[in-house]
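In: here is my input; please provide its structure:
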Amino acid sequence: MIRRLFQSLLFVLSFASALPAMAATRVDDLVIATADGRNLPFRVEMALDDESRAKGLMFRQSLAPDGGMLFLWGRPVGIVMWMKNTPIPLDMLFVDQAGVIIRIARQTVPYSLDNIPAGAPALGVLEVAGGTADRLGIHAGDRMVHPAFH
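Out: You can find the predicted model right below:
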């Protein structure tokens, strides 16, 4: 009886110790306001530090249709992305500090080590499931609405 109680307690403690790591990813609401007046809602994981930006969406097998990951740097920089260890195609929406989409890399190739540059200084990049930009009619010049942009 005591042994079973002890084993149960160990199981609960081991699970509880994993909770902070599982809960560490911040998820925010983000809207893409299109030039034709539509507001497209997304729930995005936030990649705000070097570690989360380096890992990104690596090893993910799927992504919700309204999901994604928003990578942010503290100031506009020459962002270059890649698809290392990423098994699903992505659309990468590069954005300036005002939230304006400056470039879209559509249907990026899974596992590719090719550089995918923003093409101009950017504050961040939103990665969404490949084909999302075409499916929703998102274009360069559309605007992201999120507290990170002003």
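In: so which elements touch the longest strand along the chain?
Out: Ranked by residue count and defined by DSSP state E, the top strand of the chain is strand 67-77. Other helices and strands packing on strand 67-77, by 3 or more CB pairs under 8 Å, 6 or more residues apart in numbering; DSSP states H and E, are strand 27-33, strand 39-47, strand 122-129. (Each C-beta comes from the backbone N, C-alpha and C, glycine too.)
In: low pLDDT regions in the protein?
Out: Low-confidence segments of the chain (pLDDT under 70): 1-24.
In: which stretches in it count as helices?
Out: For the chain, applying DSSP state H gives helices covering 2-23, 50-55, 132-136.
In: partners of the residue nearest to the spatial centre of the chain in the sheet?
Out: The centre of the chain sits closest to residue 69, judged by CA atoms, centre = their mean, with a distance of 1.0 Å. Counting by DSSP bridges, residue 69 is bridged to residue 45, residue 127.
In: check contacts around it.
Out: Residue 69 sits next to 44-47, 56-57, 126-127 when contact means CB atoms under 8 Å, 6 or more residues apart in numbering.
In: possible to save those as a markdown table with distance to residue 141 and neighbour count?
Out: As requested, the contacts of residue 69 are exported to a markdown table (distance: CB to CB, whole Å; neighbours: other CB atoms under 10 Å):
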| residue | distance to residue 141 | neighbour count |
| --- | --- | --- |
| 44 | 20 | 21 |
| 45 | 25 | 18 |
| 46 | 24 | 18 |
| 47 | 24 | 23 |
| 56 | 25 | 21 |
| 57 | 25 | 21 |
| 126 | 15 | 26 |
| 127 | 19 | 27 |
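In: present those residues as a markdown table; the columns should include distance to residue 142.
Out: Converted to a markdown table, the contacts of residue 69 look like this (distance: CB to CB, whole Å):
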| residue | distance to residue 142 |
| --- | --- |
| 44 | 15 |
| 45 | 21 |
| 46 | 20 |
| 47 | 21 |
| 56 | 22 |
| 57 | 21 |
| 126 | 11 |
| 127 | 16 |
